[in-house]
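*Asks:* When you get a sec, could you give me coordinates for this:
(2 chains)
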Amino acid sequence: METLNYLNNGHGLKSWLLTKDHKRIALLYLVSITLFFVIGGFFAMLVRLELLTPAGDLLAAETYNKMFTMHGVVMVFFFLIPSIPATLGNFLIPIMVGAKDLAFPRINLLSWYIYVLGGIFTLVAALSGGVDTGWTFYTPYSTAAANGHVITAALGVFITGFSSILTGLNFIVTIHRMRAPGLTWFRLPLFVWSHYATSLIMILGTPVIAITVLLVAAERALHMGIFDPALGGDPVLFQHLFWFYSHPAVYIMILPAMGVISEIVQAFTRKNIFGYSFVAFSSLAIAIIGFLVWGHHLFVAGQSVYSGMIFSFLSFCVAIPSAIKVFNWTATIYKGSVRLDSPMLYAIGFIGLFTIGGLTGLFLAAMGLDIHVHDTYFVVAHFHYIMVGGAIMGYLGGLHYWWPKISGRRYSEPWAKFSALMIFVGFNLTFFPQFIAGYLGMPRRYHAYPPEFQVLNVASTLGASILAVGYVIPLVYFGYSLVAGKKSVNDPWGARGLEWEIPSPPPTENFTVSPVVTEGTHQYVHPSQEVGLA
Amino acid sequence: MFTNFPFFPPEASSQAAQVDGIYFFMMAVAAFFSLLIATLVVVFAVKYRRRHPDEVGAAIHGALGLELLWTIIPFFITMVMFGWGAKVFYDAYRPPAGAMEIYIVGKQWMWKAQHMGGQKEINELHVPVGRPVKLTMGSEDVLHSFYIPAFRMKADVIPGRYNVLWFTATKPGRYHLFCAEYCGTRHSGMIGWIEVMEPNDFQAWLAGGRPADSPAAAGEKLFQDLVCISCHRDDAMARAPQLKGLFGHTVQLQGGGTVVADEAYIRESIVNPQAKVVAGFTPIMPTFQGLVSEEQLLQLIAYVRSLGDVAPPAPAGGATPPGPGKD
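*Replies:* Residues are numbered from 1 along each chain as shown, chains lettered A, B, ... in the order given. Alright, predicted model coming up:
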């Protein structure tokens, strides 16, 4: 007879839809964000297919504009922002702090329902004719001119924001109040630190975007003059409000991935992180400085040269804590005991791609250079290196690392390695040519383009096809693993951490006896020494 | 179909070399650090691969010296990038005195240009080589962005205000003009060409165009047609501020403040006259918002400017006034 765990403890749809178990809610999120990832990916494929040829021949111009808009809205608000926090964070944070659940289990379930409601609004907007504002909803186009269901889509973004706020609140309270005896702040896994920093951004930043999109809806529906100069408003005000959230939102996407990478690198080198406190505090530094850099999106919008300089300076400053993390991960591998299992392949891929993404961010922070590359494919390439090369590689790495814990089963390691390789190759082939196209001057959001950009776009579309296959393979072997995968032991990787001390899959209450913590995570000792100590 | 496959855009303005200079520097730094990290990760991962299932990594917890090293060195490198970038930007957004002026209006989905001699163009802009050109740009509807990759220059064109962009073309030729800020359905069709010509060819082109009123002359006509003249008169009976000699000067406002009469102020005074009322006058002027197009606004401004005692906009031909800094 199988032992009772969170998966077989209760059957039927109701036991899932009314669950208060953070692990089951994590799986509800996992299924829903995967659905949105597939939808967002479908829009991306149409965009890439259109760009195979210079002429706008596959889709009508308006349809193309709706495709990249919906791609951005779905991927940013309904996949990337909830991705790691709502799935892996939800599943692991209570376990990592030695608690039975998050501080507010009902609010956790509520946040999922809010997310789904926001998602429905957005899907309704997409299916009933789409939106063509771009995911940035820039005014006065969005309030005075745009085609489609801007208000419905904006409400979708508004609603789903509350799910983010509630998740952030839940994490902060849990991390402060529910740590097991002996689990001091500096013994916390770095995954928890990075989620703490992420949660701060979620609760401080999200209200601003919520109000901003609500103002867009108000101006569009009621003609209140806020952003449209024809009504006495200021269109640049929108850009300030929008980026005040949306730049920190990039750190909502990348910080949790950094936390995942810190865990994986330690587990697969059997070595604790190099410079723990530097890695931990760099997460907080990113969260704080990240709130002060939004103006670098407005260098060519007529912002004063001097405020531009301040934003440029702060944008260079925010790069430093990211650099510190990369150097510390690299130093952790030094004299480690390295195994290149699939999670580690994703982690190494992350380090490489994030480094390129971060360094090209400096190009955009340099004001003189930004004049040229702003709003070109250079920017598109840069943020995809961060969001896809960084955040999604981190997400997939984490999913592979904790999958045996989540599902209690193993997946096909050869297939996992193969798909990691395909994703790495496909990703670079898709987005590296876009740096070149951008410097050549190809503007973003172009339905048709001059013929000299075609070679680069063909390479990009080819890469996107490889990338798409790379993303489908894990769906297949994870699905197969659920029904027929080999059972996993508690600690399949020989890693250290509270989550590896409990059964796979864990029981509903996580710990039958509350743990007492005596040291930090990832303290590895050779078995011979362990015996000697005992 | 794969002919003409460049990797690098042409350098055709004095700013282009400046921007490319930063680019090459940053490329070198980025390549160095990317390769450094990639090499270290790969070498460590291979060299320290697990050879025995029980093996664990060395017990190293960190080193303060190294942390400081890789905090301080990147910080100084980024400060070089910051300073260099800020310098180039600062120069790129301050037009030199005496630049040849052109008015640009963006609207869904075309670019309209108006030379000071009256020549008008759509989706094309002819400029001479070797002479600073200053564009004063407004939008009829939504956001646009005027972008010339070969010049490495771009500025957003924003409804309700004027943004300025300037350049000195260095190489005759035909270069892309793109709208870089998403502006709706035919955004990717809002493109055109910049024709950079030798000064003599440019003069010939100017002379060959259909004769049209200069913006100032067109503005004067509008001034009559809209009956602005009934209040803005020269005599003592005037119910509205005197426009002669106004441009470029400080104006005393009701309630104490002052403002310099520049393009933005005059534009605002036409579309929203109550916003800043000149001291000593009653706010009786009606708004002209919706009655005059962006192009007409620019013409009215050109007219008001021509009444001023500071240098009027340098015309494209260079035939008229010897403004300061005329090359």
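
*Asks:* neighbours around the closest residue to A:Phe268 other than its chain neighbours, how many?
*Replies:* Of all residues not flanking A:Phe268 in the chain, A:Met344 sits nearest, at 3.9 Å (Cβ to Cβ, 6 or more residues apart in numbering or on different chains). Every C-beta, even on glycine, is put in place using the N, C-alpha and C of the backbone. Residues within reach of A:Met344, counting by other Cβ atoms under 10 Å in any protein chain shown, total 24.

*Asks:* Give the full set of residues in contact with A:Met344.
*Replies:* A:264-265, A:268, A:338, A:397 (Cβ atoms under 8 Å, 6 or more residues apart in numbering or on different chains).

*Asks:* in which helix or strand would I find it?
*Replies:* In this assignment (DSSP states H and E), A:Met344 forms part of helix A:342-365.

*Asks:* Contact partners for A:Phe191?
*Replies:* A:88-89, A:92-93, A:96, A:256, A:259-260, A:262-263.

*Asks:* swap the cut-off to 10 Å and go again
*Replies:* A:84, A:88-89, A:92-93, A:96, A:256, A:258-264, A:398, A:402, A:497, A:499, A:521 (Cβ atoms under 10 Å, 6 or more residues apart in numbering or on different chains).

*Asks:* Could I get the phi/psi values of it?
*Replies:* Main-chain torsions, A:Phe191, degrees, to the nearest 10: phi -60, psi -40.

*Asks:* B:His176 now?
*Replies:* According to degrees, to the nearest 10, B:His176 has phi -60, psi 140.

*Asks:* Confirm B:Pro10 sits in a strand?
*Replies:* No: going by DSSP: H, G, I helix; E, B strand; the rest coil, the assignment for B:Pro10 is coil, not a strand.

*Asks:* Tell me how far it lies from B:Arg131.
*Replies:* 19 Å (Cβ to Cβ, to the nearest Å).

*Asks:* Looking at those two, which has the bigger crowd around it?
*Replies:* The neighbour comparison of B:Pro10 against B:Arg131 (other Cβ under 10 Å) goes to B:Arg131, with 19 against 16.

*Asks:* isn't the more buried one right next to B:Glu101, touching?
*Replies:* No: using Cβ atoms under 10 Å, B:Arg131 is not in contact with B:Glu101; the gap is 11.3 Å.

*Asks:* got a list of what the residue of the stretch 151-300 of chain B found nearest chain A touches?
*Replies:* Closest contact between the stretch 151-300 of chain B and chain A, by Cβ to the nearest Cβ, is at B:Gly160 (2.8 Å). By Cβ under 10 Å, 6+ apart, B:Gly160 lies in contact with A:140, A:228-230, A:232-236, B:138-139, B:264, B:267-268, B:271-272, B:289, B:294.

*Asks:* Quick check: buried residues in the longest helix anywhere in chain B?
*Replies:* When chain B is parsed with DSSP state H, its longest helix is helix B:14-47. With burial defined by 16 or more other Cβ atoms under 10 Å in any protein chain shown, the residues of helix B:14-47 counted as buried are B:14-16, B:18-20, B:22-23, B:25-27, B:29-30, B:33-34, B:37-38, B:40-41, B:44-45.

*Asks:* cool, stretch A:189-209 as well?
*Replies:* Quick answer for stretch A:189-209 (16+ other Cβ under 10 Å): A:189-206, A:208-209.

*Asks:* what's the spacing between B:Ser13 and chain A?
*Replies:* B:Ser13 sits 11 Å away from chain A, going by Cβ to the nearest Cβ, to the nearest Å.

*Asks:* Show the contacting residues for that residue.
*Replies:* Contacts of B:Ser13 (Cβ under 10 Å, 6+ apart): B:19, B:92, B:127, B:129, B:133, B:148, B:150-153, B:166-171, B:175, B:194, B:196.

*Asks:* What ranges does the stretch 101-250 of chain A have for its helices?
*Replies:* A:105-127, A:150-177, A:190-222, A:235-269 (DSSP state H, counting those that start in this stretch).

*Asks:* from the chain's centre, how far out does the second one sit?
*Replies:* Think helix A:150-177. 14 Å (Cα atoms, centre = their mean, to the nearest Å).

*Asks:* Tell me which other helices or strands that helix touches.
*Replies:* With contacts defined as 3 or more Cβ pairs under 10 Å, 6 or more residues apart in numbering or on different chains; DSSP states H and E, the packing partners of helix A:150-177 are helix A:22-50, helix A:61-73, helix A:81-84, helix A:90-96, helix A:105-127, helix A:190-222, helix A:235-269.

*Asks:* hmm, back to that, now the angle between helix A:342-365 and the very next helix or strand once past the longest helix of chain B, please.
*Replies:* Next along the chain after helix B:14-47, taking DSSP H and E as the criterion, comes helix B:64-92. When axes from the mean of the first three to the mean of the last three Cα atoms, to 10 degrees is applied, the directions of helix B:64-92 and helix A:342-365 differ by 40 degrees.

*Asks:* mind listing what B:Glu294 touches?
*Replies:* Contacts of B:Glu294 by Cβ under 10 Å, 6+ apart are B:103-107, B:112, B:137-141, B:157, B:159-160, B:162, B:267.

*Asks:* isn't B:Val260 right up against B:Gly248?
*Replies:* Yes: using Cβ under 10 Å, B:Val260 makes contact with B:Gly248 at a distance of 7.1 Å.

*Asks:* Quick check: closest non-adjacent residue to A:Leu353.
*Replies:* A:Gly389 (3.0 Å).

*Asks:* Could you tell me whether that neighbour really is in a helix?
*Replies:* Yes: per three-state DSSP, A:Gly389 lies within a helix segment.

*Asks:* which residues touch it?
*Replies:* A:349-350, A:352-357, A:381, A:383, A:423-424, A:427-428, A:430-431.

*Asks:* Give the other helices and strands that the longest helix of chain B contacts.
*Replies:* Using 3+ Cβ pairs under 10 Å, 6+ apart: helix B:14-47 touches helix A:235-269, helix A:305-333, helix A:342-365, helix A:367-373, helix A:413-440, helix B:64-92, strand B:153-157, strand B:163-168.

*Asks:* Please render those as TSV that adds distance to A:Asp491 to the earlier fields.
*Replies:* Supplementary listing: those in TSV, determined by distance: least, Cβ to Cβ, whole Å:
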stretch	distance to A:Asp491
helix A:235-269	10
helix A:305-333	20
helix A:342-365	14
helix A:367-373	47
helix A:413-440	16
helix B:64-92	31
strand B:153-157	55
strand B:163-168	61
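
*Asks:* Save these as JSON lines, and put in distance to B:Gly308 and mean pLDDT too.
*Replies:* Putting these into JSON lines (distance: least, Cβ to Cβ, whole Å; pLDDT from 0 to 100) gives the following:
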{"stretch": "helix A:235-269", "distance to B:Gly308": "28", "mean pLDDT": "96"}
{"stretch": "helix A:305-333", "distance to B:Gly308": "26", "mean pLDDT": "96"}
{"stretch": "helix A:342-365", "distance to B:Gly308": "40", "mean pLDDT": "96"}
{"stretch": "helix A:367-373", "distance to B:Gly308": "31", "mean pLDDT": "96"}
{"stretch": "helix A:413-440", "distance to B:Gly308": "42", "mean pLDDT": "97"}
{"stretch": "helix B:64-92", "distance to B:Gly308": "27", "mean pLDDT": "95"}
{"stretch": "strand B:153-157", "distance to B:Gly308": "25", "mean pLDDT": "95"}
{"stretch": "strand B:163-168", "distance to B:Gly308": "18", "mean pLDDT": "94"}
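
*Asks:* coming back round to it: angle of the helix holding A:Met344 against helix B:14-47?
*Replies:* Going by the same axes, to 10 degrees, helix A:342-365 makes 160 degrees with helix B:14-47.

*Asks:* Apply the buried test to the contacts of B:Ser13 and list what passes.
*Replies:* Using 16+ other Cβ under 10 Å, the buried ones in those are B:19, B:92, B:127, B:129, B:133, B:148, B:150-153, B:166-170, B:175, B:194, B:196.

*Asks:* can you tell me how far B:Val129 sits from chain A?
*Replies:* Counting by Cβ to the nearest Cβ - B:Val129 and chain A are separated by 20 Å.
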